[in-house]
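Q: Okay, predicted coordinates and the sequence, questions at the end:
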Amino acid sequence: MQSQQDSQPQLTARAIILAVVLAMILGAANTYLGLFAGLTIASAIPAAVVSMGVLRLLGGGSILENNIVATGASAGTSIPSGVIFTLPALVLLGYWTTFEYSWVLAIAGLGGLLGVLFSVPLRRSLIVDQGLAFPEGKAAAEVLRAGENPSRGLKTLSVAALAGGFVKLSSGSGLRLIPDTAVASGYFGKYLAFISINMSPALLGVGYIVGLNVGTVMVLGGLLSWSVAIPIYNAFFLVDNPELAARVAAAPTAADAAAMMWSAQIRYLGVGAMLLGGVWTLISLRKSILSGIRSGLAVARAGSTRNVAHTERDLPMKAVLIGIALFTLPLLFLFQAIVGSFAVSIPMAIIMVVAGFLFCSVAAYMAGLVGSSNNPVSGITVATILFSAVILVVLMGRNAPLGPVAAIMIGAVVCCAASVAGDNLQDLKSGQIVGATPWRQQVMLAIGALSASLIMSPVLNLLAKAYGIGIASPDHPNPLSAPQATLMAAVAKGMFGGKLPWDMVTVGAVIGAIIIGIDEIYKKRGSSIRVPVLAAAIGIYLPLEYLSPIFVGGIISHVIGHGFPAGGDKELLHRSGTLFSAGMITGESLMGIFMAVPIVMSGHADVLALPEPYRFGQWAGLLALTLIGIWLYRTALASKRSATS
């Protein structure tokens with residue numbers, strides 16, 4: 001006999017259609033955000049709000065139907081993380097000239113499907129047995145259960161999206177009413193001082209979502225790179241690099257000189273810290289990985305789920321194992337098409353499957369512990385590429401020209417799978433709270449992942465043609481930074497005879513070890529303060545201008561959260577601030593994509609630019625960012641007052 005909740009509609013046609021549309025829209029937005037700032041965000045909460053509003057207009061919608069929409073949309077936004085962290089590296093390595101549709105679809109789609117299947121046994125281990133927090137999943141469930149006045153949530157999202165989109169349109173890549181960045185720099189003797197902030201509402205929203213702890217760690221990493229390492233390198237070590245010294249001497253400003261030293265040398269401190277952080281992540285989570293494997297085997301031995309409650313029915317383990325085998329075969333032939341030798345492609349496929357499940361376990365555990373937005377997927381991918389490269393060096397030789405490409409391909413599939421697995425467990429946690437059926441969610445997760453995969457190649461090609469990716473050129477002097485993809489390309493190339501500043505990588509690894517030691521001290525003391533090494537490494541590796549607004553957003557989030565009553569649900573009380581932040585991120589990102597269309601069609605980067613008399617200086621940009629920050633604060637504060645009254 002069915003329970004009342006089991007009889008509620010879940011996987012309906014309208015829910016699937018709405019989820020597919022949201023997966024594509026939010027997936028495109030996350031693609032831009034990740035290439036721009038090296039960060040992506042979970043989108044289950046805004047997707048849930050949109051679903052409640054749209055389905056109410058269509059005559060209502062059960063909580064389980066809304067949950068299915070949020071599930072599919074969330075899976076769609078996790079695919080971009082796997083794609084943008086890796087596949088642009090193939091362009092940077094010169095292997096691809098464009099993002100070929102069939103290749104991107106195969107890697108993203110099959111990697112995403114493997115992530116869904118790998119996460120099936122992990123649901124019972126991490127959600128049921130270990131009972132991890134999964135903060136975004138819990139928050140999304142609270143939004144779904146509250147369900148009151150979705151029109152207010154839609155209004156918050158829409159207004160914030162318009163604000164974020166307008167600022168992006170006004171920026172240096174659009175109308176040029178305001179510059180992209182405010183910069184202050186100068187020399188004090190041999191000491192080079194530098195500080196900057198990007199006028200991006202999206203980054204302000206990212207900071208609000210990730211919070212002050214992570215934002216502080218990231219900005220401290222940036223200050224270590226820009227305010228400590230660059231001045232020291234300029235004063236004492238630049239003379240040992242005559243070619244770079246000549247370019248720095250010819251730089252028109254101190255800011256340009258700092259950027260040259262950062263690009264050529266200092267950012268590799270972040271590479272070293274991230275490499276060590278990826279390895280440490282595996283070591284520290286070894287027990288969770290073994291737990292996930294044991295749980296999956298236990299479910300496989302359990303057999304039939306006929307007499308199990310609908311809230312505990314996963315996809316059958318036999319179907320999961322068959323699916324993994326079927327989805328691995330096309331990837332095997334894809335690898336074979338690259339390397340031309342089964343002696344290499346078969347080990348590549350084996351590495352991909354083994355590393356895929358292991359790292360999906362890590363990503364899922366970290367998503368449950370600290371949330372998807374703080375998930376160290378980039379560190380996981382670096383570890384995959386390093387491990388793959390070591391094996392491939394043995395199989396192909398140290399100077400194999402296709403070695404870096406093969407390592408990136410393995411890393412791309414694993415990264416897509418790990419990204420999907422981490423976000424999937426958030427959705428399954430939300431489903432557990434509201435009483436959803438896991439296998440229906442898992443089907444929707446697969447549909448959402450495939451939907452986003454369909455639009456990855458066109459979006460990447462559009463952004464590459466309009467703005468450039470990773471490497472500055474005369475046509476694209478300020479490209480989308482794609483920091484993780486640039487890192488992956490450098491690491492893969494360095495393992496196969498390419499040049500890397502290994503001295504900087506080594507120093508970065510030492511810095512990473514010190515950060516890990518500090519974090520362990522805080523952990524043993526039971527402190528609420530943590531120093532995640534991968535967040536610090538990303539801070540070291542990113543331009544300082546991107547970190548400053550993230551830090552400011554974290555401060556706003558902390559101020560809003562300070563003084564909550566004992567027992568208050570901070571995730572719930574932060575709802576309006578989170579929606580406003582998600583709206584700014586989505587609006588700015590989508591505007592960046594829309595602006596790319598006339599740029600590509602005209603062939604001119606300044607096609608939207610207004611004449612000089614209509615442009616304002618960086619103070620106008622700072623004023624705009626300040627006003628939006630105040631707006632975010634007041635929106636979140638109003639939500640807090642309403643929730644605590």
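A: Structure received. Numbers count the residues shown, from 1 in each chain.
Q: Which parts of the stretch 151-300 of the chain are helices?
A: 201-223, 230-232, 242-249, 254-261, 268-284, 286-302 (DSSP state H, counting those that start in this stretch).
Q: any chance of the ones you listed in TSV, plus mean pLDDT and mean neighbour count?
A: (Each C-beta comes from the backbone N, C-alpha and C, glycine too.) Converted to TSV, the helices of the stretch 151-300 of the chain look like this (pLDDT from 0 to 100; neighbours: other C-beta atoms under 10 Å):
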stretch	mean pLDDT	mean neighbour count
helix 201-223	87	26
helix 230-232	89	20
helix 242-249	90	13
helix 254-261	85	21
helix 268-284	78	23
helix 286-302	60	16
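Q: Ok, which of the ones you listed comes nearest Val597?
A: helix 201-223 (19.2 Å; C-beta to C-beta).
Q: Give the other helices and strands that that closest one contacts.
A: For helix 201-223, the packing partners by 3 or more C-beta pairs under 8 Å, 6 or more residues apart in numbering; DSSP states H and E come out as helix 13-37, helix 150-170, helix 533-541, helix 544-561, helix 575-602, helix 618-644.
Q: among the ones you listed, which is the most enclosed?
A: Sort the helices and strands packed on helix 201-223 by mean neighbour count, taking mean count of other C-beta atoms under 10 Å, and helix 533-541 sits at the top with a mean of 29.
Q: Now tell me what touches it from outside.
A: 38-39, 214, 217-222, 224-225, 267, 269-271, 273-274, 276-278, 280-281, 374, 376, 378-379, 483, 487, 508, 511-512, 515-516, 519, 547 (C-beta atoms under 8 Å, 6 or more residues apart in numbering).
Q: same question, stretch 207-221
A: 41, 270, 273, 373-374, 528-532, 535-542, 547-558, 577-578, 580-582, 632, 636.
Q: hmm, try it at 7 Å
A: With C-beta atoms under 7 Å, 6 or more residues apart in numbering as the test, stretch 207-221 has contacts from 41, 373-374, 529-532, 535-540, 547-558, 577-578, 581, 632.
Q: Off-centre distance for it?
A: Put simply, stretch 207-221 sits 15 Å off its chain's centre (C-alpha atoms, centre = their mean, to the nearest Å).
Q: follow-up on the earlier one: just send the helices and strands packed on helix 201-223 back as a markdown table, with distance to Ala418 too.
A: Converted to a markdown table, those look like this (distance: least, C-beta to C-beta, whole Å):
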| stretch | distance to Ala418 |
| --- | --- |
| helix 13-37 | 15 |
| helix 150-170 | 28 |
| helix 533-541 | 13 |
| helix 544-561 | 23 |
| helix 575-602 | 22 |
| helix 618-644 | 31 |
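Q: what's the closest of those helices to Ser457?
A: Nearest of the helices and strands packed on helix 201-223 to Ser457, taken as C-beta to C-beta: helix 13-37 at 10.5 Å.
Q: returning to that earlier point: rebuild the helices of the stretch 151-300 of the chain as TSV, extending it with distance to Lys429.
A: Converted to TSV, the helices of the stretch 151-300 of the chain look like this (distance: least, C-beta to C-beta, whole Å):
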stretch	distance to Lys429
helix 201-223	17
helix 230-232	42
helix 242-249	49
helix 254-261	42
helix 268-284	21
helix 286-302	15
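Q: Any idea which of these gets closest to Ser589?
A: Here helix 201-223 is closest among the helices of the stretch 151-300 of the chain (C-beta to C-beta), at 6.3 Å.
Q: Report the angle between the closest one and helix 13-37.
A: Interaxial angle of helix 201-223 relative to helix 13-37 (axes from the mean of the first three to the mean of the last three C-alpha atoms, to 10 degrees): 40 degrees.
Q: Kindly format the C-alpha coordinates of helix 201-223 as PDB.
A: Extracted C-alpha coordinates of helix 201-223, given in PDB (Å, rounded to 0.1, in the frame of the first residue of the first chain):
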ATOM      1  CA  PRO A 201      28.200  41.800  -8.100                       C
ATOM      2  CA  ALA A 202      28.600  38.100  -9.000                       C
ATOM      3  CA  LEU A 203      31.800  37.800  -6.900                       C
ATOM      4  CA  LEU A 204      30.100  39.700  -4.100                       C
ATOM      5  CA  GLY A 205      27.300  37.100  -4.200                       C
ATOM      6  CA  VAL A 206      29.800  34.200  -4.200                       C
ATOM      7  CA  GLY A 207      31.400  35.700  -1.100                       C
ATOM      8  CA  TYR A 208      28.000  35.900   0.700                       C
ATOM      9  CA  ILE A 209      27.300  32.200  -0.200                       C
ATOM     10  CA  VAL A 210      30.700  30.800   0.800                       C
ATOM     11  CA  GLY A 211      30.900  32.900   4.000                       C
ATOM     12  CA  LEU A 212      33.500  34.800   5.800                       C
ATOM     13  CA  ASN A 213      35.800  31.900   6.800                       C
ATOM     14  CA  VAL A 214      36.400  30.700   3.300                       C
ATOM     15  CA  GLY A 215      36.400  34.300   1.900                       C
ATOM     16  CA  THR A 216      39.100  35.300   4.500                       C
ATOM     17  CA  VAL A 217      41.300  32.200   3.700                       C
ATOM     18  CA  MET A 218      41.000  33.000   0.000                       C
ATOM     19  CA  VAL A 219      41.900  36.700   0.300                       C
ATOM     20  CA  LEU A 220      44.800  35.900   2.700                       C
ATOM     21  CA  GLY A 221      46.100  33.500   0.000                       C
ATOM     22  CA  GLY A 222      45.800  36.400  -2.500                       C
ATOM     23  CA  LEU A 223      47.600  38.800  -0.200                       C
END
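Q: May I see the helices and strands packed on helix 201-223 arranged in CSV, with distance to Ala245 and mean pLDDT as well?
A: Shown next, in CSV, are the helices and strands packed on helix 201-223 (distance: least, C-beta to C-beta, whole Å; pLDDT from 0 to 100):
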stretch, distance to Ala245, mean pLDDT
helix 13-37, 30, 89
helix 150-170, 37, 86
helix 533-541, 22, 82
helix 544-561, 22, 88
helix 575-602, 36, 87
helix 618-644, 29, 83
